[in-house]
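Asker: Build me a structure from this.
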Amino acid sequence: MAETDNQGVALGSGTQLLLELVNGEQCLAANNLPGALKHFTTALALDPRRPDAWLLTGRTFLKMENWANAIPALETALTLQPQMADAQHGLSLALFNVGRREEALALIDSVCQRGGNSAMWVMRAFLHSQADRDPVRTLQAYQDWGRRFADPLTRKAAPFPRLDRDPRRKLRIGYVTADFREHSIAFFMLPVLRHHDPEAVEVHVYSGGHRDAITDTLQACVPHWHDIHALNDDALHQLIRSHGIDVLVDLAGHTAGNRLLVFARRAAPVQITWLGFMLPLGMKAMDYRLTDIGMTPPGQEPHYSERLFRLACMASYAPPTYAPLCEEPPMLRNGHPTLISLNNSAKVTDAMLGVWARILQARADARLIIMVKERTADAAQAAMQSRVEAAGMPLDRVFVLHQQPLNQFMELGHIADLALDTAPISGGTTTLHALWMGLPIVAMDAERGVDASTARTLQGVGYADWVATDEDGYVARALAFLDDPGTLVRLRHETRQRLSACPLMDYASRTAELEKAFRLMWLNHLEGRDRFLDVFADPGPAFERLGAGTGGQERAHAAPSA
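Answerer: Got it, this is the predicted structure:
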């Protein structure tokens with residue numbers, strides 16, 4: 001008879017259980033989610049009362065964005081081990097994504113009140129910022145994280161060595177990202193990397209994400225590429241300092257794979273956040289946020305922890321190479337119109353579902369596709385089905401579609417006639433992709449940049465009349481499109497043409513403007529004051545004041561105090 005431990009599990013089985021957990025964690029770290037799930041399921045079959053096994057199972061479902069299965073797994077972990085902070089942290093995210101927002105907020109607040117780590121405080125700030133539109137409270141929530149985890153590192157930052165004070169010298173620029181792959185950041189950054197002037201800037205990339213074919217394309221544009229997967233924050237900080245980077249650019253913000261705590265350690269004299277995260281970071285070591293007047297109109301400066309530096313246009317856009325244009329709207333061959341939402345389920349609020357229900361009620365032949373980020377059909381259905389029913393939508397005309405590979409995503413214009421943006425949080429890259437497919441978009445205006453991203457894009461391209469100011473206007477705009485197939489036919493070609501001609505796709509101008517911004521921020525640093533906060537300024541007088549071309553040396557200086 002096998003010897004047992006005091007919980008009744010055979011020691012041989014206990015060894016196997018530990019092996020399953022270890023192997024599962026290795027799979028999880030390698031993003032082999034089916035493999036991780038298989039190991040954790042086997043571990044639970046050996047001992048279903050292991051809270052850590054339930055926690056790991058829940059984490060796997062979270063990474064799969066399978067919220068419906070993550071919730072019971074994490075709840076079971078908490079039943080077996082109440083107050084398990086990691087389980088509560090994950091459960092708050094899952095609950096939020098299935099629309100149970102009040103429960104999610106209460107849970108993450110409870111975790112952080114007991115202490116919490118950096119990821120938990122970031123989650124708290126994120127969930128509150130999505131649920132509460134007040135920009136002052138959003139800033140406070142992220143500053144709560146910054147005061148605890150980033151600013152103490154800034155206060156300890158070592159001084160920089162002597163720097164060449166020639167204001168016209170070539171600047172060393174560093175981009176830090178985990179998203180140089182099939183990710184929205186790649187569509188914005190590829191034109192920049194291709195058009196940088198090697199006489200003006202020396203470009204370094206610090207890449208911490210997994211590789212794919214797009215990574216190879218991006219790397220081919222960069223003279224100095226550094227894979228940083230194996231480096232912890234201290235090691236990465238030392239590497240960047242050893243390269244003498246003048247301007248370091250964060251492309252992630254508070255998204256997965258970020259290295260904000262490297263920035264907190266002061267890795268470069270000038271530090272900028274750009275593109276990856278539209279909300280304030282809440283940390284004192286991030287000097288600037290690159291933006292434009294559309295995303296952050298004058299008066300919004302107090303809502304950010306970073307100083308706002310405005311470009312004429314804050315981004316470039318490179319469409320996916322595979323994007324077959326459907327010449328006519330599908331409704332002409334189908335006999336009925338099809339609307340589509342392309343944003344993830346966390347952006348689809350119950351109120352938004354109610355607005356879409358009004359459109360379907362008014363147009364009895366219309367179909368709606370809700371495409372969400374869940375990775376399987378079952379997970380997508382589980383996330384949205386009950387919410388669709390609760391919104392009173394006609395179930396025979398609403399279809400939930402799981403996340404699609406990029407090539408299939410770019411074919412959605414062959415099945416949809418009109419895109420519906422979400423509010424209060426709008427689309428970003430999905431909006432540009434939809435326009436490139438020839439889809440008109442109905443959007444809602446808003447004050448915060450993160451909420452008005454689609455509205456600003458449409459206004460910039462010349463489609464301001466697609467932007468509604470309230471729900472009634474949103475419904476009316478959608479119905480007007482559906483009643484006018486002739487306009488939909490015209491827009492199939494016009495939207496792509498307009499996007500091609502807009503500033504977002506004037507790559508040479510956008511990159512030259514970016515390089516000028518870097519130069520102006522560098523001049524601010526040399527002069528020790530924020531003389532320049534937009535790209536329209538003339539740097540000539542500053543060059544004269546600083547004695548351009550002297551090659552003088554700057555005294556060693558301490559990092560700005562927090």
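
Asker: pretty sure Gly253 contacts Pro280?
Answerer: No. Counting by Cβ atoms under 8 Å, Pro280 is not a contact partner of Gly253; they are 9.2 Å apart. Using the backbone N, CA and C atoms, a C-beta is placed for each residue, glycine as well.

Asker: of the two, who's got more company?
Answerer: Between Gly253 and Pro280, Pro280 has the larger neighbour count (other Cβ atoms under 10 Å), namely 25 against 20.

Asker: Could you list the low-pLDDT ranges of the protein?
Answerer: Applying pLDDT under 70 to the chain flags the ranges 1-12, 548-562.

Asker: for it, longest helix please?
Answerer: Assignment by DSSP state H gives helix 507-527 as the longest helix of the chain.

Asker: Beyond that helix, next helix or strand please.
Answerer: Downstream of helix 507-527, the first helix or strand assigned by DSSP states H and E is helix 540-546.

Asker: list the helices and strands that following helix packs on?
Answerer: Applying 3 or more Cβ pairs under 8 Å, 6 or more residues apart in numbering; DSSP states H and E, we find helix 540-546 packed against helix 507-527.

Asker: Mind listing what's buried along the helix it packs on?
Answerer: Of all the residues in helix 507-527, those buried under the rule 16 or more other Cβ atoms under 10 Å are 507, 510-526.

Asker: check contacts around Asp365.
Answerer: Counting by Cβ atoms under 8 Å, 6 or more residues apart in numbering, Asp365 touches Gly335, His336, Pro337.

Asker: Give me the spatial nearest neighbour of the second one, chain neighbours excluded.
Answerer: Spatial nearest neighbour of His336, excluding adjacent residues (Cβ to Cβ, 6 or more residues apart in numbering): Asp365 at 4.3 Å.

Asker: Can you give me the distance of the one you found to Leu482?
Answerer: To Leu482, Asp365 is 9 Å away according to Cβ to Cβ, to the nearest Å.

Asker: for the stretch 101-250 of the chain, what spans make up the strands?
Answerer: Per DSSP state E, counting those that start in this stretch, the stretch 101-250 of the chain carries strands over the ranges 163-164, 171-177, 201-207, 224-227, 247-250.

Asker: Which secondary structure elements does the last one sit against?
Answerer: Contacts defined by 3+ Cβ pairs under 8 Å, 6+ apart place strand 247-250 against strand 171-177, helix 260-264, strand 270-273, helix 507-527.

Asker: Next, the angle helix 507-527 makes with the first one.
Answerer: The reference is to strand 171-177. Orientation of strand 171-177 against helix 507-527 (axes from the mean of the first three to the mean of the last three Cα atoms, to 10 degrees) gives an angle of 110 degrees.

Asker: Name the residues that touch strand 171-177?
Answerer: Residues contacting strand 171-177 (Cβ under 8 Å, 6+ apart): 185, 189, 196, 200-209, 240, 243-252, 257, 259, 262-263, 267-268, 276, 518-519, 522.

Asker: The longest one too?
Answerer: Taking contacts as Cβ under 8 Å, 6+ apart, the residues outside helix 507-527 that touch it are 165, 167, 171, 173, 191-192, 194-197, 200-201, 246-247, 269-270, 272, 287-288, 290, 309, 311-313, 315-316, 318, 503-504, 530-532, 535, 537, 539, 542-543, 545-546, 554.

Asker: follow-up on the earlier one: ok, and the most crowded of the contacts of Asp365?
Answerer: Among the contacts of Asp365, Pro337 has the most neighbours (other Cβ under 10 Å), with 25 neighbours.

Asker: residues contacting that residue?
Answerer: Pro329, Met331, Arg363, Asp365, Ala366, Arg367, Asp417, Leu418, Leu482.

Asker: Just put those residues in TSV and tack on distance to Leu218.
Answerer: Compiled in TSV, the contacts of Pro337 are given as follows (distance: Cβ to Cβ, whole Å):
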residue	distance to Leu218
Pro329	34
Met331	38
Arg363	43
Asp365	45
Ala366	40
Arg367	38
Asp417	34
Leu418	33
Leu482	40
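
Asker: Out of the residues you listed, flag the one nearest to Leu19.
Answerer: Distances from Leu19 to the contacts of Pro337, taken as Cβ to Cβ, are shortest for Arg367 (49.1 Å).

Asker: Closest to Lys63 out of the contacts of Asp365?
Answerer: Pro337 (35.9 Å).

Asker: Against Gly354, how distant is that closest one?
Answerer: 20 Å.

Asker: Arg165 now?
Answerer: As judged by Cβ to Cβ, Arg165 and Gly354 stand 60 Å apart.

Asker: now Glu75
Answerer: According to Cβ to Cβ, Glu75 and Gly354 sit 28 Å apart.

Asker: Arg49 too?
Answerer: To Gly354, Arg49 is 42 Å away according to Cβ to Cβ.

Asker: go on, Pro51?
Answerer: Taking Cβ to Cβ, one finds Pro51 at 38 Å from Gly354.

Asker: same deal with Leu325?
Answerer: 33 Å.

Asker: residues contacting the residue nearest to His196 when sequence neighbours are not counted?
Answerer: The shortest distance from His196 to any non-neighbouring residue, by Cβ to Cβ, 6+ apart, is to Val203 (5.4 Å). Residues near Val203 by Cβ under 8 Å, 6+ apart: Ile173, Tyr175, Leu193, His196, Val222, Pro223, His224.

Asker: Same list (these) but as a markdown table, adding neighbour count and distance to Thr429.
Answerer: Listed next are those as a markdown table, based on neighbours: other Cβ atoms under 10 Å; distance: Cβ to Cβ, whole Å:
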| residue | neighbour count | distance to Thr429 |
| --- | --- | --- |
| Ile173 | 25 | 23 |
| Tyr175 | 24 | 18 |
| Leu193 | 19 | 17 |
| His196 | 20 | 22 |
| Val222 | 17 | 21 |
| Pro223 | 10 | 27 |
| His224 | 14 | 27 |
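
Asker: sorry, back to before: who has more neighbours out of Pro51 and Gly354?
Answerer: The neighbour count for Pro51 versus Gly354, taken as other Cβ under 10 Å, is higher for Pro51 (18 against 14).

Asker: which phi and psi does the more buried one have?
Answerer: phi -60, psi -30 (degrees, to the nearest 10).

Asker: and what of Ala230?
Answerer: phi -90, psi 0.

Asker: how deep is it tucked in, by neighbour count?
Answerer: Burial of Ala230, expressed as a neighbour count using other Cβ under 10 Å, amounts to 8.

Asker: that older thread, and the strands of the stretch 101-250 of the chain: which comes nearest Ala464?
Answerer: Closest approach to Ala464 among the strands of the stretch 101-250 of the chain (Cβ to Cβ): strand 247-250, 31.0 Å.

Asker: what's the offset of that closest one from the middle of its chain?
Answerer: Put simply, strand 247-250 sits 17 Å off its chain's centre (Cα atoms, centre = their mean, to the nearest Å).

Asker: do stretch 405-415 as well
Answerer: With Cα atoms, centre = their mean as the basis, stretch 405-415 stands 21 Å off its chain's centre.

Asker: List of residues touching it?
Answerer: In contact with stretch 405-415 (Cβ under 8 Å, 6+ apart) are residues 182, 320, 322-326, 330, 338, 340, 342, 369, 371, 404, 433-434, 436-439.

Asker: Recalculate using a threshold of 6 Å.
Answerer: Here stretch 405-415 makes contact (Cβ atoms under 6 Å, 6 or more residues apart in numbering) with Glu182, Pro320, Tyr322, Ala323, Cys326, Pro330, Met437, Gly438, Leu439.

Asker: circling back: distance check, the residue nearest to His196 against Phe518.
Answerer: The gap separating Val203 from Phe518 is 11 Å, by Cβ to Cβ.

Asker: how far away is Leu514 from Lys284?
Answerer: Taking Cβ to Cβ, one finds Leu514 at 24 Å from Lys284.

Asker: do Ile272 as well
Answerer: Using Cβ to Cβ, Ile272 is found at 14 Å from Lys284.

Asker: Could you check which of these two has the larger neighbour count?
Answerer: Neighbour count, other Cβ under 10 Å: between Ile272 and Lys284, Ile272 has more, with 24 against 19.

Asker: The more buried one contacts Met286, doesn't it?
Answerer: No. The pair Ile272 / Met286 is not scored as a contact, 7.4 Å apart, by Cβ atoms under 6 Å.
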